[in-house]
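K.L.:
This is a predicted model, with the sequence first.
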Amino acid sequence: MATFKAIVIEKAESGTKAALADFDETNLMEGDVTVRVDYSTLNYKDGLAVTGKAPVVRRFPMIAGIDFAGTVEASSHPAWKPGDKVILNGWGCGETHLGAYAEKARVKGDWLVPLPQTMSAHDAMAIGTAGYTAMLALMALERHGLTPAQGPVTVTGAAGGVGSVAIAILAQLGFTVHAVTGRPQEADYLKGLGAAEIVERKELSGPVKALAKERWAGGIDAVGSTMLANLLSMTRYGGAVAACGLAGGMDLPGSVAPFILRGVCLYGIDSVMCPIERRREAWIRLEKDLDRRKLAAMTREIGLGEVAEAAAAILKGEVRGRIVVKIG
Ligand code: NDP
């Protein structure tokens, strides 16, 4: 029997239980491409799945992990052959399809994007779903027509994974970035990524006004709830906010005033089912527009055995930047 190491989530008496285990290869799910996983990452959703804090996992047993970079071992898909370097983000991996915290994954070839030529598998997962989502958010703001000349932009959840990558990309493209954080002690880190100003989380945590003083031409929000509602009320006339996260909550306790009186636009960002063409574009842009030295400065590496501890930490907002999980 061929087995490989994986973080397997099983149903427990109350809730779920995740453990590093040997997984029988014959139990991999259907797919036309088998991949040797080189690296995965820790995203907020992985934290929810591994700790069982939210019902992310819809099938048991499940291999956790929503994204990977790896090497094709076998393929009956016309686009992929053994040896190809590939990236996968989302598509239900780690939720409904066996996921990435494993030495092997079997997936649909239609889900994969090629690893950009100048990018290592490690760097691709330093970016991970968090960074790819930051790029999708930026692309939405660009489609809106946002340019650096229109004024400063803001990033919430700044010291987290999405936030850190968003700051680095926006700064690289010439935007003046204001970083909203509950960790002002990370000011040097955030400025190192390119933030021009640090805004304390409490400035966007108070009661939401229908319209507040106009501060930013646009924003990328990883927090949701009161933070997003305040951000919308502070967005300048004609500006736009790309919302991708719920680290502060799922609700949106605001008013329609920013939309109907200032023409502000709110763009929703989904990385999981995002069409393949847009994914390819996002990864090409990440290859070009993200300074790898900044990526290295925001990343640390762990092994599969350390995932459980890191999963608990990310839900407490204690993880800075990005965590790569070495698999092979
Ligand atoms: P991280 O935990 O790395 O970052 C989240 C950050 O949000 C924290 O570092 C913290 O930043 C801030 N934060 C945490 N809790 C609170 C709170 N209660 N109130 C205000 N701010 C808070 O997670 P990721 O960056 O990986 O993910 C961020 C969000 O984006 C998550 O909700 C995740 O599910 C979502 N996401 C969505 C995707 C999509 O497809 N839409 C894809 C990827 C992620 P600081 O300390 O600087 O204040």
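P.N.:
Sure, I can see it. Residues are numbered from 1 along each chain as shown.

K.L.:
Any idea how many residues pack against whichever residue of the stretch 201-328 of the chain sits closest to the ligand?
P.N.:
Of all residues in the stretch 201-328 of the chain, G245 sits closest to the ligand, at 2.6 Å by Cβ to the nearest ligand atom. Every residue, glycine included, has its C-beta placed from N, CA and C. Neighbours of G245 under the rule other Cβ atoms under 10 Å: 25.

K.L.:
Give me the pLDDT value at it.
P.N.:
If you check G245, the pLDDT there is 96.

K.L.:
Could you do G145 as well?
P.N.:
The model reports G145 with a pLDDT of 98.

K.L.:
How about H178?
P.N.:
Looking at H178, the pLDDT reads 98.

K.L.:
So it versus K213, what's the distance?
P.N.:
For H178, the distance to K213 (Cβ to Cβ, to the nearest Å) stands at 14 Å.

K.L.:
what about those two, which has more around it?
P.N.:
Neighbours were counted for H178 and for K213 using other Cβ under 10 Å; H178 has more, 21 against 8.

K.L.:
Next up, the contacts around that one.
P.N.:
152-155, 195-199, 215-216 (Cβ atoms under 8 Å, 6 or more residues apart in numbering).

K.L.:
Next, count neighbours for the closest residue to the ligand within the stretch 51-200 of the chain.
P.N.:
Going by Cβ to the nearest ligand atom, the ligand is nearest to G160 of the stretch 51-200 of the chain, at 1.8 Å. Applying other Cβ under 10 Å, we find 27 residues neighbouring G160.

K.L.:
if I've got this straight, T41 is in a strand?
P.N.:
Yes: under DSSP: H, G, I helix; E, B strand; the rest coil, T41 sits within a strand.

K.L.:
from what I can see it touches H122, true?
P.N.:
No: at 10.1 Å, T41 and H122 do not qualify as touching, with contact defined as Cβ atoms under 8 Å.

K.L.:
any common contacting residues for those two?
P.N.:
Applying Cβ under 8 Å, 6+ apart, one finds that T41 and H122 are jointly contacted by V324.

K.L.:
neighbour-wise, which of those two wins?
P.N.:
Remark: of T41 and H122, T41 carries more neighbours, 29 against 16, as counted by other Cβ under 10 Å.

K.L.:
who touches the more buried one in this structure?
P.N.:
Counting by Cβ under 8 Å, 6+ apart, the residues that T41 touches are 67, 125-126, 128-130, 322-325.

K.L.:
Filter the residues you listed down to the buried ones and hand me the ChimeraX line.
P.N.:
Burial among those is assessed by 16 or more other Cβ atoms under 10 Å; the matching ChimeraX selection reads:
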select :67,125,126,128,129,130,322,323,324,325
